[in-house]
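>>> Show me how the following folds:
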Amino acid sequence: MGETMSVVVNGNGFLSGLPRTVTVLTSGSGTYSLPTGCVALWVRMVGGGGGGGSGSNNGGAGNYGGVGGATTFGTSFLTCNGGNAGQGSADSVASGGTATIGSGASGLAMTGAYGFPGNVQNSLQYSFGGSGGASPFGGAGPPGSVDNSGPSATGYGSGGAGGAALFSNTQAIAGAGGGSGGYIDAIISSPASSYAYSVGSGGAGGTGGYRPGGAGAGGIIIIQEFYE
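Have a look, this model is predicted:
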């Protein structure tokens, strides 16, 4: 039935010392079935990260990336929405996805991090893209350089970086990084026999302009199952 925990999951000692198994879901959708003898679940999950925007090519604004997909457990029971997409426009920022916990679970529901705005230049030749927002699982795309596309996010739920922009005679507006997906860390003390689930995909990076943006990272669901 799995290894024995030696840590306390919450301040009241609930789940302390119980045997456990772990299920990790990194893509797709389907039905999660409660293992025989399981008495409680500890679920950590994040929505897909938003894609970074592309940088402008000699003026104007770049294009939006794609919005990250929602990660759900139990349809609307636990919901982590995807991070929003970055765009190549002055002072543009992409917000993180929201998260909600339904009745029957308790814990933390946290809105994802903002992506960073791209740099704006009125005289220098190039403008660097903004970094993506980081999820609790890390791996946000770092600032986009002038030589390559905006870096894609790694890990789970973080945003992709914005693409760099080129200045010639007009303002260079680099792409903003994508926001990270919403995050949940929750205990289900009386789990149902099954839950529909879906793992959100990462948003695509914006195309066109001088340099394209990087893709956001897909979501994840980590389920720790506890037994008496």
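
>>> How about the contacts made by the most centrally placed residue in the chain?
The centroid of the chain falls nearest to Gly157 when counting by Cα atoms, centre = their mean (2.2 Å). For Gly157, the contacting residues are 46-49, 68, 71, 80, 83, 112, 135-137, 180-181, 183, 216-220, by Cβ atoms under 8 Å, 6 or more residues apart in numbering. Every C-beta, even on glycine, is put in place using the N, C-alpha and C of the backbone.

>>> what do you get for Ala134?
Ala134 touches 113, 140, 158-159, 180, counting by Cβ under 8 Å, 6+ apart.

>>> Same check on Phe77?
Phe77 sits next to 102, 104-105, 195 when contact means Cβ under 8 Å, 6+ apart.

>>> try 10 Å
For Phe77, the contacting residues are 43, 100-105, 186, 188, 192, 195-197, by Cβ atoms under 10 Å, 6 or more residues apart in numbering.

>>> Could you do Tyr156 as well?
Residues in contact with Tyr156, defined by Cβ under 10 Å, 6+ apart, are 26, 45-49, 71, 135-139, 180-181, 183, 199-200, 202, 217-222.

>>> Among the residues you listed, which are located in strands?
Applying DSSP state E to the contacts of Tyr156, the entries found in strands are 45-46, 71, 183, 220-222.

>>> Would you list the buried entries among these?
Those of the ones in strands among the contacts of Tyr156 that meet the buried threshold are 45-46, 71, 183, 220-222, by 16 or more other Cβ atoms under 10 Å.

>>> Now render these as CSV, adding distance to Thr170 and pLDDT.
Listed next are these as CSV, based on distance: Cβ to Cβ, whole Å; pLDDT from 0 to 100:
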residue, distance to Thr170, pLDDT
Met45, 44, 98
Val46, 39, 98
Thr71, 40, 98
Tyr183, 39, 98
Ile220, 42, 98
Ile221, 46, 98
Ile222, 47, 97
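
>>> Reformat those into a markdown table and put distance to Gly53 next to each item.
Converted to a markdown table, those look like this (distance: Cβ to Cβ, whole Å):
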| residue | distance to Gly53 |
| --- | --- |
| Met45 | 26 |
| Val46 | 21 |
| Thr71 | 23 |
| Tyr183 | 23 |
| Ile220 | 24 |
| Ile221 | 28 |
| Ile222 | 30 |
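
>>> I'd like to know which of these is nearest to Ser33.
Nearest to Ser33 among these is Ile221, at 13.9 Å by Cβ to Cβ.

>>> residue contacts, the closest one?
Counting by Cβ under 10 Å, 6+ apart, Ile221 makes contact with 23-26, 32, 43-46, 71-73, 78, 80, 156, 184, 195, 197-200.

>>> how far away is Thr111 from Pro136?
The spacing between Thr111 and Pro136, counted by Cβ to Cβ, to the nearest Å, is 12 Å.
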